[in-house]
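>>> coords please:
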Amino acid sequence: MKWSISKYLFIFVLLPLMSLNAQVRDSSRVYQSVVKESHYDKRVHRYRKNWEAVIPNIVKVQYAGNMGMFSAGVGWDYGKRRQWETDLYFGFIPPHSSGKTKMTMTLKQDYIPWSIQLKPSVAIEPLATGLYLNTVFGDEFWTHEPERYPKGYYQFSSRVRIHVYLGQRVSFNVHTTDFWSFARNITLFYEVSSYDLMIASAVSNHYLKPKDYLSLSVGAKFLLF
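Numbering: from 1, shown residues only. All right, here's what the predicted structure looks like:
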């Protein structure tokens, strides 16, 4: 059987080229599929990350601080060094303090510039500062001055108070212990605070002493994850 030159060309030249072209097309499809999947994965990861940012990762409890006798709430930390915290508290004022039990709500912004590691499991935060807005639920409190008072008689709202504070913290890593397995870190803190009305009174009434316009509070922060 005699083979023509065209048959040799087909078997040894054209056939390998056709096979190579098919492999290139298959590789291109696989590459395009990978690229599409990577864009999809990025979108899913971005979507999940945005939702995860909404989930609070902090629980706090606090005693005193002009935001109720006891307050509890949730919060979020963020920033390159997790130096910012935003908290939402709900508290209560017992009846022996105001005639009847009242509920409070507080929106708090914290800034913790430094953290000093003393041991692998212990750190101190020598300065914590911030401000918070506090409101008390009740008909006897008002945002705008009632008409029964002369105009300008009260310069401050009785419903919303603006507070500033300074404090210190000590933190303990506890996620390796079985007893505190629900939290990654526990922080104990104290704060010295005051609010707009008392600060104005202290400036205009020099006979007031620090104990008259400053408030001491203590609390605990549980970093969940």
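
>>> hey, where'd the helices end up in this structure?
Here the chain has its helices, by DSSP state H, at 5-9, 15-54, 95-98, 196-204, 210-213.

>>> who's in contact with the spatially most central residue of the chain?
With distances taken as CA atoms, centre = their mean, the residue of the chain nearest its centroid is residue 76 (1.4 Å). Residue 76 makes contacts with 53, 56-58, 85-86, as judged by CB atoms under 8 Å, 6 or more residues apart in numbering. (Each C-beta comes from the backbone N, C-alpha and C, glycine too.)

>>> hang on, the earlier thing: flag whichever of the helices of the chain has the least confidence on average.
Among those, helix 5-9 carries the lowest mean pLDDT, a mean of 47.

>>> Which of the contacts of residue 76 are buried, as a PyMOL select command?
Per 16 or more other CB atoms under 10 Å, the buried members of the contacts of residue 76 correspond to this PyMOL selection:
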select buried, resi 57+58+85+86
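
>>> burial count for residue 65?
27 (other CB atoms under 10 Å).

>>> now it, nearest residue through space, not along the chain?
residue 217 (3.2 Å; CB to CB, 6 or more residues apart in numbering).

>>> What residues are bridge-paired with that neighbour?
residue 191 (DSSP bridges).

>>> quick revisit: so which of the contacts of residue 76 comes closest to residue 112?
Nearest to residue 112 among these is residue 85, at 7.2 Å by CB to CB.

>>> Tell me who's in contact with the closest one.
58, 75-78, 108-112, 130.

>>> now do 6 Å
75, 77, 110 (CB atoms under 6 Å, 6 or more residues apart in numbering).

>>> how about CSV for these, with neighbour count, pLDDT and distance to residue 221 added?
Formatted as CSV, the contacts of residue 85 follow (neighbours: other CB atoms under 10 Å; pLDDT from 0 to 100; distance: CB to CB, whole Å):
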residue, neighbour count, pLDDT, distance to residue 221
75, 20, 96, 8
77, 18, 95, 9
110, 24, 98, 9
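
>>> Of the contacts of residue 76, just say which sits nearest to residue 213.
residue 85 (25.2 Å).

>>> Distance of the spatially closest residue to the closest one that is not a sequence neighbour relative to residue 193?
Among residues not flanking residue 85 along the chain, residue 110 sits closest, at 4.0 Å (CB to CB, 6+ apart). Using CB to CB, to the nearest Å, we find residue 110 at a distance of 12 Å from residue 193.

>>> Show me how the record splits this structure into domains.
The chain breaks down into these domains under automatic domain parsing: 1-54, 56-223.
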